[in-house]
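Peer 1: 3D, please:
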Amino acid sequence: MTGTGTITEQRERTHGRADIKPLPVWFFAFEGVCGGAYDLCRVWGTAWLVIVVLGLVNLVVGLTVLRRRIKLVRAMLKGSRTRKIAFGLIGVRLGLHVVLGALGAQTTSVAGHLAIATTMSVATVALLYVDQRITFKALGLRPAPAA
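Peer 2: Next up, the predicted model:
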């Protein structure tokens, strides 16, 4: 008698997905920095240089070290959840600044901008991690421990 694990493994091998491993959470750190980029640039005018360098590092790491995980990245980018996350975070950012402006409590201090940047960065990383888990479930894969 064959267990369901064996059938699932055969299906994964058949579709060429058996080798897909989840992206490590640290890989989403660049997207987190992008989530807080506006406020970081408001605090430090030259922060955009660091963001560009981090973007290049992210690109190099993505194309070399994580090359075998490109199928997962493609699946995530094709999913509508990823676009919803991106537009949702932009909406939260704009809404937060509009609401604070309407209340007369515009964010002008370094601490305020850093707090918003940190919140947006953490939310971005967390949402992308959850999106990755949902993508794995939708593809019928069991995520192996990240190596």
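
Peer 1: might you report the residue contacts of residue 85?
Peer 2: Counting by Cβ atoms under 8 Å, 6 or more residues apart in numbering, residue 85 touches 124, 127-128, 131. Backbone N, C-alpha and C define where each C-beta goes, glycine included.

Peer 1: make CSV from those residues and add neighbour count and pLDDT to it.
Peer 2: As requested, these are exported to CSV (neighbours: other Cβ atoms under 10 Å; pLDDT from 0 to 100):
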residue, neighbour count, pLDDT
124, 22, 88
127, 21, 87
128, 23, 86
131, 17, 84
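
Peer 1: those residues in helices, which ones?
Peer 2: Counting by DSSP state H, the contacts of residue 85 place 124, 127-128, 131 in helices.

Peer 1: turn those into TSV, columns for distance to residue 30.
Peer 2: Listed next are these as TSV, based on distance: Cβ to Cβ, whole Å:
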residue	distance to residue 30
124	10
127	14
128	10
131	15
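
Peer 1: circling back: show me which of the contacts of residue 85 is closest to residue 109.
Peer 2: Of all the contacts of residue 85, residue 109 sits closest to residue 124, with 22.3 Å by Cβ to Cβ.

Peer 1: please name the nearest non-neighbouring residue to the closest one.
Peer 2: Nearest non-adjacent residue to residue 124, counting by Cβ to Cβ, 6 or more residues apart in numbering: residue 35, 3.4 Å away.

Peer 1: ok, that neighbour touching residue 121?
Peer 2: Yes. Between residue 35 and residue 121 a contact is recorded at 5.0 Å, counting by Cβ atoms under 8 Å.

Peer 1: comparing the two, which residue is more hemmed in?
Peer 2: A direct count of neighbours by other Cβ atoms under 10 Å for residue 35 and residue 121 places residue 35 higher, at 28 against 21.

Peer 1: run a quick neighbour tally on residue 46.
Peer 2: Residue 46 has 8 neighbours, counted by other Cβ under 10 Å.

Peer 1: could you do residue 132 as well?
Peer 2: Residue 132 is flanked by 23 other residues according to other Cβ under 10 Å.
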